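Student: for reference, the sequence and a predicted model appear below.
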Amino acid sequence: MQKKLKPAGSLPVLMEDGEMFPAAGAEVEMSQYYRRRLKDGDLVEITGGAARPARTEKDKNNG
């Protein structure tokens, strides 16, 4: 499974192959190495966008 990840802070993070992880993030194949970096807080997952609030029944009827 692949995920888009990026460094959590301003500190550099190494990719599994020894290269520097791009600050803007990269799509990587999830491995034990990347799961460990996520758990340790070195990397964060890039999500598709900001979450929108759920529509209420009133919103559905008005729009």
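Tutor: That came through, no problem.
Student: which strand of this protein spans the most residues?
Tutor: For the chain, the strand with the greatest residue count under DSSP state E is strand 2-7.
Student: how many neighbours does Leu5 have?
Tutor: Neighbour count for Leu5, taken as other CB atoms under 10 Å: 23. Quick note: C-beta positions are derived from backbone N, CA and C, even for glycine.
Student: the strands in this protein, which residues?
Tutor: Using DSSP E, the strands of the chain run over residues 2-7, 26-29, 43-45.
Student: okay, those strands in JSON lines with distance to Glu19 next?
Tutor: As requested, the strands of the chain are exported to JSON lines (distance: least, CB to CB, whole Å):
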{"stretch": "strand 2-7", "distance to Glu19": "13"}
{"stretch": "strand 26-29", "distance to Glu19": "9"}
{"stretch": "strand 43-45", "distance to Glu19": "14"}
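Student: how many residues are close by Ser31?
Tutor: 10.
Student: identify the residues contacting it.
Tutor: Counting by CB atoms under 8 Å, 6 or more residues apart in numbering, Ser31 makes contact with Glu16.
Student: number the residues from 32 up from this point.
Tutor: With 32 as the first residue, the last one maps to Ser62.
Student: before we move on, back to that, list the buried residues in the longest strand of the chain.
Tutor: Buried positions in strand 33-38, judged by neighbour count with 16 or more other CB atoms under 10 Å: Lys34, Leu36, Pro38.
Student: residues in contact with that strand: which ones?
Tutor: Here strand 33-38 has contacts from 44, 52-61, 65, 68-69, 73-77, using CB under 8 Å, 6+ apart.
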